[in-house]
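Student: what's the 3D shape of this:
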Amino acid sequence: MARRSSDRGFASTPLEADVARYRPFCGLAIVGLVVGWLSALAILDPLLWFLPVLGVVLSAIALRRIAASDPPLVGRTAAVAGLGLSVAFAVAAPTDFYYSRWTLRQEAREFGLQWFQLLANDEPEKACQLYESPASRQPLDETLWDYYPLGSESRATLESFVTRRAAHALLLLRNGAQVRYYDTDGQWTNNGRDCVAQTFAVTFSSEGETQTFFVRLTMERSQVEGQRRGFWRVLREEEGFVPAALGGKPPPVGA
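Tutor: Residues are numbered from 1 along each chain as shown. Predicted coordinates:
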């Protein structure tokens, strides 16, 4: 007995098989992946730290939608990749930021202690040069006094410097004082240059009593063209103030 032609209707056609295999794609997974890649920008600026957080949220929601759908949506690989990138940059951005700040403060501390040491060594002419920009700073060697002839503008600047309270006190104490780093009172960027304000405690003995006063140095780090590393200079020094850690006012930012 011959089969009826209608029996062929029970077999799936190629088109019907393709429709059966089709699974919709989760668009949110792609968005999460894109945001995950963009999260790398968070390393450049703390204002962009929201990007990796947003990437984690979007990718997590995408994974949840994919798992809850029936049949499952396509895009799990993209969602997992976006989640991984976002988490990685969410950790890397703050780590890089705080490490850079710590490194900057370490450099400033070393430069500031150099300023104190020059005054302790009775070399105010060299300490005065630390206020100059790196491009115009004179070599700190035995020929430096030739840069300060009597009656010159540079000599007037030096004479004014040694009469300022902090420099004058340190020159009188010389090596009789112990200088130690106390605290970082501020850190900011001004016209693309890094600035750090740090307080140093100066301890000395007077008439059998130990006394301490504070000196705050505001220092600036700039990049010299053609040089790979940055150079520091002192912007100003302060004496006779209460450190910010003890309830005093923080240094003026950008001044």
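Student: could you give the mean pLDDT of stretch 113-128?
Tutor: Throughout stretch 113-128, pLDDT has a mean value of 96.
Student: mind saving the C-alpha coords of it as CSV?
Tutor: Output in CSV follows, covering the C-alpha atoms of stretch 113-128 (Å, rounded to 0.1, in the frame of the first residue of the first chain):
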residue,chain,number,x,y,z
LEU,A,113,64.9,66.5,53.5
GLN,A,114,67.6,67.6,51.1
TRP,A,115,66.5,71.2,51.6
PHE,A,116,66.8,70.8,55.4
GLN,A,117,70.2,69.1,55.0
LEU,A,118,71.6,71.9,52.9
LEU,A,119,70.7,74.4,55.6
ALA,A,120,72.1,72.1,58.3
ASN,A,121,75.4,72.1,56.4
ASP,A,122,75.4,75.9,56.3
GLU,A,123,74.8,76.0,52.5
PRO,A,124,71.9,78.4,52.1
GLU,A,125,73.1,79.2,48.5
LYS,A,126,72.3,75.7,47.5
ALA,A,127,69.0,75.5,49.4
CYS,A,128,68.0,78.7,47.7
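Student: buried sites along it?
Tutor: When neighbours are counted by 16 or more other Cβ atoms under 10 Å, the buried residues of stretch 113-128 are found to be 113, 115, 116, 118, 119, 120, 124, 125, 126, 127, 128. (Each C-beta comes from the backbone N, C-alpha and C, glycine too.)
Student: any idea where the strands of the chain begin and end?
Tutor: Along the chain, counting by DSSP state E, strands occupy 178-190, 193-206, 209-223, 230-239.
Student: about what we covered before: what would the buried residues of stretch 113-128 look like in JSON lines with distance to residue 252?
Tutor: Shown next, in JSON lines, are the buried residues of stretch 113-128 (distance: Cβ to Cβ, whole Å):
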{"residue": "113", "distance to residue 252": "23"}
{"residue": "115", "distance to residue 252": "20"}
{"residue": "116", "distance to residue 252": "22"}
{"residue": "118", "distance to residue 252": "25"}
{"residue": "119", "distance to residue 252": "24"}
{"residue": "120", "distance to residue 252": "28"}
{"residue": "124", "distance to residue 252": "25"}
{"residue": "125", "distance to residue 252": "28"}
{"residue": "126", "distance to residue 252": "27"}
{"residue": "127", "distance to residue 252": "23"}
{"residue": "128", "distance to residue 252": "23"}
